[in-house]
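Trainee: Build the 3D model from these lines:
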Amino acid sequence: LKQGLSSAFRRSRSSAMAGKALIVVDPISTGGSVAVEAKNKGFSVIACWTSDLTDDFRTHVPENAKGLKYTAQVEEKATVGETADAVKAAAKGLTIAAVIVGGESGVTLADHLSLELGVRTNGIFPGGDRRNKSVQQRAVKASGLRAVREALGRKWAEVEEFVSREPMPVVVKPVESAGSDGVKLCKSKDEAKAHFELLMESQRKCGAQGAAVLCQEFLKGKEYVVDCVSRDGVHKVLMIWVYDKRPTNGAAFVYYGMIPVDSKSQEAKILIDYTLGVLKALKLDNGPTHGEVMMTMDGPCMVEMNCRSHGWDGAWVPLARKLTGGYAQPECAVDSHTDAAAFAKLPAVFPSPFKAAGQNVMLVSFFAGTVRATPGYDKMKKMPSFIALQTGVGVGSKVELTVDLFTAVGVLVLAHADKAVLDADLAEVRSMEKAGLFLFDEEVDPMQFEPSPDTIQPAGRRRSSSFGETSVVATGVTPTQLYTTAALALACGVIAGMVLGKKIV
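Mentor: Sure, this is the predicted structure:
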């Protein structure tokens with residue numbers, strides 16, 4: 001009976017949304033899942049693509065978004081007004097219910113387009129572009145909250161004094177970075193200058209209008225992410241995660257996973273209070289957000305606030321639904337824009353205790369070579385707590401030692417009602433990594449392995465398009481090639497997808 005009523009309710013909601021169009025700006029990464037949820041709710045979904053987003057990056061979507069048929073697709077025009085006219089023409093008389101941001105590259109256009117079309121919007125932030133990380137830090141500092149010490153410049157001379165007086169190491173990154181791409185922890189002034197000039201040159205080559213580089217203090221502490229949705233200034237906290245980072249393979253920060261945090265813990269209470277203050281400072285009143293916060297010795301400090309859904313190509317969504325008992329950010333993002341009743345039913349903070357035990361596990365390789373077989377993956381799929389595996393590594397792939405997000409070899413989602421089962425499976429995964437997840441045609445001696453000098457370290461921060469966006473080394477691609485591609489793409493304001501040729505099992 002309950003299942004029948006639930007199905008009837010879904011049909012009723014879909015019927016109510018018939019005749020309405022929902023616009024998703026750059027539906028890549030988890031934005032693809034947002035588009036899928038909008039379609040499931042009965043909306044006619046229109047994709048609006050920003051001019052910087054290449055055809056290649058448009059394919060970086062979760063498995064559930066592959067093959068999604070859009071009612072129409074619109075390219076960004078020369079002006080916001082012209083883009084709005086194109087969207088209205090594509091809607092063909094349908095009522096435009098909402099404009100929702102998909103990927104990081106769509107944040108600015110989504111703000112402007114939603115305002116132009118007269119739908120629920122965050123509007124134009126008076127302090128500047130919300131996506132700009134320096135704008136964010138200034139706004140947070142002005143509100144009285146702890147913010148990062150930083151200097152922004154287009155020329156080295158504009159930041160040199162800051163770097164000279166700031167204790168080493170310092171973080172150097174693009175002002176509109178997405179993912180840990182382009183971010184480097186620099187241990188000397190010379191290293192900071194070299195990376196600054198590399199980033200500016202990369203941005204100039206692709207004509208980035210907002211090209212600039214941030215030099216920031218290195219925040220020491222534990223890094224958390226806080227996922228929210230908002231409607232008319234009312235905020236709902238959907239999940240808090242903490243990153244598991246460890247020194248590995250000669251790299252200072254290698255991500256081993258993302259662990260859910262109990263909402264009734266003391267750190268969660270502190271993080272929630274701080275994050276809601278950040279949302280208020282940035283006037284983020286509507287839609288999904290994904291905040292990154294470092295818990296330092298003197299309290300929480302924002303790394304950055306991502307004005308869109310949590311990335312990772314939505315690899316974490318199945319786990320979030322297990323933990324909360326049925327909901328996750330993609331569908332809540334749609335409701336925050338279109339369904340006041342559904343939004344009101346969401347709890348102010350996610351449930352405690354969790355409905356299951358679970359973890360997103362970043363897979364680490366301690367070996368390198370050309371993959372002949374993947375026995376480690378095969379064993380994982382048979383584990384009692386196995387939920388999903390997302391990876392780009394298969395037979396024929398070239399695997400490097402994991403030293404950063406690019407060289408991780410997959411994201412494994414584990415969840416089980418019994419925490420002891422989860423812990424046993426997780427311990428087995430870590431043991432398998434040490435023994436080797438793959439069989440190789442030829443194996444590179446780890447003692448001879450030298451990572452590229454341009455390899456980007458997470459530098460005390462982490463996104464995840466947006467794990468948004470971990471990449472795995474595919475056949476014929478070196479870490480240096482991956483870095484160069486990512487740096488150029490990010491300078492144009494584009495976020496990378498999770499994995500080229502990825503698949504969810």
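Trainee: and the longest strand along the chain, what does it pack onto?
Mentor: Ordering each strand of the chain by length in residues (DSSP state E) puts strand 234-248 first. When contacts are defined as 3 or more C-beta pairs under 8 Å, 6 or more residues apart in numbering; DSSP states H and E, strand 234-248 packs onto strand 222-231, strand 251-260, helix 266-281, helix 317-324, helix 329-338. In short, each C-beta sits where N, CA and C put it, glycine included.
Trainee: Lowest average pLDDT across these?
Mentor: When the helices and strands packed on strand 234-248 are ranked by mean pLDDT, strand 251-260 comes last with a mean of 88.
Trainee: Would you mind listing the buried residues in it?
Mentor: 251-258, 260 (16 or more other C-beta atoms under 10 Å).
Trainee: ditto for stretch 353-360
Mentor: Buried, per 16+ other C-beta under 10 Å, within stretch 353-360: 354, 356-360.
Trainee: still on that earlier bit, can you say which of the helices and strands packed on strand 234-248 is nearest to Pro375?
Mentor: For Pro375, the closest of the helices and strands packed on strand 234-248 is strand 251-260, at 20.7 Å, according to C-beta to C-beta.
Trainee: Quick check: neighbours of that closest one in the sheet, parallel or antiparallel?
Mentor: strand 234-248 (antiparallel), strand 357-362 (antiparallel) (DSSP bridges).
Trainee: Rebuild these as a markdown table, extending it with mean pLDDT.
Mentor: Formatted as a markdown table, the strands paired with strand 251-260 follow (pLDDT from 0 to 100):
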| stretch | mean pLDDT |
| --- | --- |
| strand 234-248 | 95 |
| strand 357-362 | 96 |
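Trainee: May I have the phi/psi pair for Ser309?
Mentor: Dihedral pair for Ser309: phi -70, psi 160, per degrees, to the nearest 10.
Trainee: Just to check, it is in contact with Val34?
Mentor: Yes: Ser309 is within contact range of Val34, at 6.0 Å (criterion: C-beta atoms under 8 Å).
Trainee: just checking, Arg120 is part of a helix?
Mentor: No: read with DSSP: H, G, I helix; E, B strand; the rest coil, Arg120 is coil and lies in no helix.
Trainee: quick one: contacts for it?
Mentor: Arg120 is in contact with 98, 114, 231-232, 286-287, 337, counting by C-beta atoms under 8 Å, 6 or more residues apart in numbering.
Trainee: can those residues go into CSV with extra columns for neighbour count and distance to Arg131?
Mentor: Below are the contacts of Arg120 laid out as CSV (neighbours: other C-beta atoms under 10 Å; distance: C-beta to C-beta, whole Å):
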residue, neighbour count, distance to Arg131
Ala98, 24, 19
Ser114, 25, 14
Arg231, 22, 21
Asp232, 10, 22
Asn286, 23, 16
Gly287, 28, 13
His337, 24, 19
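Trainee: Closest one to Glu400 out of these, please.
Mentor: Closest to Glu400, out of all of those and judged by C-beta to C-beta, is Gly287, at 37.3 Å.
Trainee: Bridged to that closest one, which residues?
Mentor: Here Gly287, judged by DSSP bridges, has bridge partners Ser230.
Trainee: That one and Gly106: what is the separation?
Mentor: 11 Å (C-beta to C-beta, to the nearest Å).
Trainee: anything in contact with each of these two?
Mentor: By C-beta under 8 Å, 6+ apart, the residues touching both Gly287 and Gly106 are Arg308.
Trainee: circling back to that earlier point, return the member of the buried residues of strand 251-260 nearest to Ser44.
Mentor: Scanning the buried residues of strand 251-260 for proximity to Ser44, where the rule is C-beta to C-beta, the winner is Met258, at 33.9 Å.
Trainee: Show me the beta-bridge partners of the closest one.
Mentor: Under the criterion used (DSSP bridges), Met258 bridges to Tyr243, Asn360.
Trainee: before we move on, back to that, take the buried residues of stretch 353-360 and write them to a markdown table, including distance to Pro174.
Mentor: Putting these into a markdown table (distance: C-beta to C-beta, whole Å) gives the following:
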| residue | distance to Pro174 |
| --- | --- |
| Phe354 | 36 |
| Ala356 | 38 |
| Ala357 | 37 |
| Gly358 | 33 |
| Gln359 | 30 |
| Asn360 | 26 |
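Trainee: how deep is the residue lying closest to Lys41 once chain neighbours are set aside tucked in, by neighbour count?
Mentor: Spatially, and ignoring its direct neighbours in sequence, Lys41 is nearest to Met17 (5.4 Å; C-beta to C-beta, 6 or more residues apart in numbering). Per other C-beta atoms under 10 Å, the neighbour tally for Met17 reads 21.
Trainee: For Met17, which residues are in contact?
Mentor: 41-43, 97, 338.
Trainee: Now tabulate the contacts of Arg120 in a markdown table and tack on distance to Pro126.
Mentor: Listed next are the contacts of Arg120 as a markdown table, based on distance: C-beta to C-beta, whole Å:
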| residue | distance to Pro126 |
| --- | --- |
| Ala98 | 23 |
| Ser114 | 17 |
| Arg231 | 21 |
| Asp232 | 19 |
| Asn286 | 17 |
| Gly287 | 18 |
| His337 | 22 |
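Trainee: So which residues of the chain form helices?
Mentor: Secondary structure of the chain by DSSP state H: the helices cover 2-17, 30-40, 80-91, 107-117, 133-142, 160-165, 189-205, 266-281, 317-324, 329-338, 340-345, 375-380, 419-435, 479-491.
Trainee: And those helices, which one averages the lowest pLDDT?
Mentor: When I compare these, helix 479-491 is least confident, with a mean of 38.
Trainee: one step back: could you dump the contacts of Met17 to CSV with neighbour count and distance to Val226?
Mentor: Formatted as CSV, the contacts of Met17 follow (neighbours: other C-beta under 10 Å; distance: C-beta to C-beta, whole Å):
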residue, neighbour count, distance to Val226
Lys41, 22, 25
Gly42, 18, 30
Phe43, 25, 27
Ala97, 23, 27
Thr338, 23, 23
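Trainee: picking that back up, okay, the helices and strands packed on strand 234-248, which one's buried deepest?
Mentor: Stretch with highest mean neighbour count among the helices and strands packed on strand 234-248: helix 329-338 (a mean of 26; mean count of other C-beta atoms under 10 Å).
Trainee: contacts for that helix?
Mentor: With C-beta under 8 Å, 6+ apart as the criterion, helix 329-338 contacts 17, 22, 30, 33-34, 36-38, 40-41, 43, 97-100, 119-120, 227, 229-231, 236, 238-239, 286-288, 309-310, 314, 317, 320, 342-343, 346.
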